[in-house]
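Engineer: Structure for this input, please:
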Amino acid sequence: MSMEYDIPDSEIQQNSRRRKKSTVWEHFTVKMDGPGCARAYCKRCQKSFAYLKDSKQSGTSHLKRHITLGICQKNQRIPCSKTDANPPKKRARAKPCFAAISFDQERCNSKIAKMIILHDYPLHIVEHQGFIDFVRALQPQFNPLSFNAIQGDCVSMYLREKQNLLNLIDGIPGRVNLTLDLWTSNQTSAYVFVRGHFVDGDWNLHHPILNVFMVPFPDSDGSLNQTIVNCLSDWHLKGRLFTLALDKFFSNETLMGKLRSLLSVNNPVILNGQLLSQNCYARMLSRLALDALSAMGETIDKVRESVKYVKSSKSNEGNFLNLRQQLQVPSTTNLLIDDQNKWDTIYHMLVAACELKEVFACFDASNPDFRTTLTMDDWKQVEKLCAYLKYLYDAANILTFQPYPTANVFFLEVSKLQVELTCAALSQDPFCSRLIMPLQEKFDQYWRESCLVLAVAVAMDPRYKMKIVESTFAKIFGENADQWIRIVEDGLQELFLEYNIIQVLPFAATNDDEGNEAMIKTETSQEFDGSLFGADDGLSDFEFYISDFTCNQQFKTELDEYLEEPLEPRVQEFDILSWWRINGLKYPTLSRLASDILCMPISTLSADAVFDTEIRKMDSYRTSLDSLTLEALICTKDWFQYKSLPMNVPNALVKVEC
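Structural biologist: Got it, this is the predicted structure:
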């Protein structure tokens, strides 16, 4: 227990001199707490604080905090000394002091617009009272926004980012590939997403959504074709389009003929016309998976009901887990209820259930309400189905690891799947043969329609080149492999020759609307006979160049040198775009061709739609928006999400009347 001592007169005089310099001593008194130790006592609450120890003073900052922060108990009466009839006047409690921060309404509006775009919030959120109360609690000076105001901010942000993207596209050295993806709605119209795929000057891959527009569904008046032409003009892509990929929903032959004329490659028959593709890789795999699941629909429904029963209550699930432990079933997965809109979840449900089939077979003994009708033969068939679904799942899964991977990775996956399905269709097992035969026939058609363009892409991979094409075609086509290999080689030569021509005889006025209109009309009316360039009376500049190039060629081309060079080591983490960037000086023309080929899209779907079982549908809220606002919200979110453009948005927004 500490004892109080009187302070010597000399120290009292010194402390008295200090008290005159600080107002804190109006609220504290100093008392000795031992030899060489003094403490400051609050006059209001009598709480003590360190003040002096071994001739070292503690200062007064902690004493000021006790007063200014309101820690002191105010209900304590300040004792008055007998000699001080008039105690000092109580000072007002000081408030915590913060640095003044100015409020920027315009910057706040911009952040709200970006929040709405990134997270798909409805524009009306700015008028919701809960949102207004929340923001005003953070900043009382905030002025609420109207629907029209935030709509204008979102559109302004879109237009500014669109100009940034347009500047980027204008500066790329190569061409642009396009994909068309279709969404339906509850109305008699559909929405087409136009996505561009290109490599910039630093060999970075980009795949932004360029446009979202509404078309009649089904399209009968050719409005889709005109809209695509307008898109090309809007983005300065006339004469710069390399490939166009869409799905079989766009099945109008007249439309396909018109779209073919838009391709910048002079001869759209190169690679049997595969530069205009109606084969979406992801949708093809989904169709095959759904066909297989449909063939066993009744059995799959039984599995689903069994899983639902176990997952319907904690007690059922607990009993199931206890039985699993008793039977010592070595399962590595947990049961899950599938989402029938995603076929990969159906696959995962079947795999997990198959691993626990012994538990299901015994579960009815401890749960009288559970009535499984699955026999062991049923489970064996489900296991065989899962084995073939795994091929489809693995083939589709490469689209989820990296959205829109470079085109060279697909040849190996697609050819592997072709071989596996062919072997399964010829299986001696009647069940497997009956299940897989229809799938193999559909996939074989996809393979024949796509293998050439996939082979050209993998030939641009320095780890494989034409060697992998030759060995794979020999395995799949047998004695007919040579003619398929020759088509790939001829296609590569024709493409390389065209890029040589572009380098020597570049298009005049690539972005000139009038000049490109004339070029497109010429291509549309031209009758293609399978040769590289259309026939004219006399030698055209192109024909003269070809004649000179082929007759006087006494040297190996870049393509020849590249194909004859030894293969690069096959390493897992191989950055093919970096390889071509480094070797661009060695192969200047071939590298430009490689950049356009490698960014060719094989699938038209985004990564989150790869396993969809149905065409996506535009919700009623979005269909209620005007076309410009809808496009602004979807495109700008995509640009921010995939970081095709810088994420920072300037504060000053260009106001747009909506």
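
Engineer: Could you report the pLDDT at Phe611?
Structural biologist: Note on Phe611: pLDDT of 95.

Engineer: Surely it touches Lys342?
Structural biologist: Yes. Judged on CB atoms under 8 Å, Phe611 makes contact with Lys342 at a distance of 4.7 Å. Using the backbone N, CA and C atoms, a C-beta is placed for each residue, glycine as well.

Engineer: of the two, who's got more company?
Structural biologist: Residue environment comparison for Phe611 versus Lys342 gives the larger neighbour count to Phe611, 25 against 17, counting by other CB atoms under 10 Å.

Engineer: what sits against that one?
Structural biologist: By CB atoms under 8 Å, 6 or more residues apart in numbering, the residues touching Phe611 are Ser286, Lys342, Trp343, Asp344, Thr345, Ala396.

Engineer: Touching, the fifth one and Asp338? I think so.
Structural biologist: Just to be clear, that refers to Thr345. Yes. Under the criterion of CB under 8 Å, Thr345 makes contact with Asp338 at 4.3 Å.

Engineer: And these two? Which one has more around it.
Structural biologist: The residue with more neighbours, out of Thr345 and Asp338 and counting by other CB under 10 Å, is Asp338; that gives 21 against 16.

Engineer: helix, strand or coil for that one?
Structural biologist: Of the three states, Asp338 takes coil according to DSSP: H, G, I helix; E, B strand; the rest coil.

Engineer: from now on call the first residue 46
Structural biologist: Sure, I'll start numbering at 46, so the last one becomes Asp383.

Engineer: Phi, psi for it please.
Structural biologist: For Asp383, the backbone dihedrals are phi -80, psi 160 (criterion: degrees, to the nearest 10).

Engineer: Could you check how far it is from Cys399?
Structural biologist: Distance check for Asp383 against Cys399: by CB to CB, to the nearest Å, it reads 14 Å.

Engineer: returning to that earlier point: tabulate the contacts of Phe656 (CSV), appending pLDDT.
Structural biologist: Conversion of those to CSV gives the following (pLDDT from 0 to 100):
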residue, pLDDT
Ser331, 95
Lys387, 96
Trp388, 96
Asp389, 95
Thr390, 96
Ala441, 94
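
Engineer: Nearest to Asn209 among those residues?
Structural biologist: Ala441 (33.0 Å; CB to CB).

Engineer: That closest one belongs to a helix, doesn't it?
Structural biologist: Yes. With the criterion set as three-state DSSP, the secondary structure at Ala441 is a helix.

Engineer: pretty sure it contacts Val655?
Structural biologist: Yes. Under the contact definition of CB under 8 Å, Ala441 touches Val655, with a separation of 5.4 Å.

Engineer: Next, show the common contact partners of the two.
Structural biologist: With contacts defined as CB under 8 Å, 6+ apart, the residues adjacent to both Ala441 and Val655 are Ala327, Ser331.

Engineer: residues near Lys101, how many?
Structural biologist: Burial of Lys101, expressed as a neighbour count using other CB under 10 Å, amounts to 9.

Engineer: who does it bridge with?
Structural biologist: Lys98 (DSSP bridges).

Engineer: That one and Thr229, how far apart?
Structural biologist: The value you get for Lys101 to Thr229, if CB to CB is used, is 81 Å.

Engineer: And for Phe94?
Structural biologist: In this structure, Phe94 and Thr229 are separated by 74 Å, where distance is defined by CB to CB.

Engineer: pLDDT below threshold where in the stretch 146-295 of the chain?
Structural biologist: Low-confidence segments of the stretch 146-295 of the chain, defined by pLDDT under 70: 146, 263-267.

Engineer: So for the helix or strand containing Glu543, what gets flagged as buried?
Structural biologist: Taking DSSP states H and E as the criterion, Glu543 maps to helix 526-549. If you call a residue buried by 16 or more other CB atoms under 10 Å, then helix 526-549 has these buried ones: 526, 529-530, 532-534, 536-537, 539-547.

Engineer: if I read this right, Cys644 contacts Arg240, doesn't it?
Structural biologist: No. Here Cys644 lies out of contact with Arg240, judged by CB under 8 Å, at a distance of 11.5 Å.

Engineer: No further questions, thank you.
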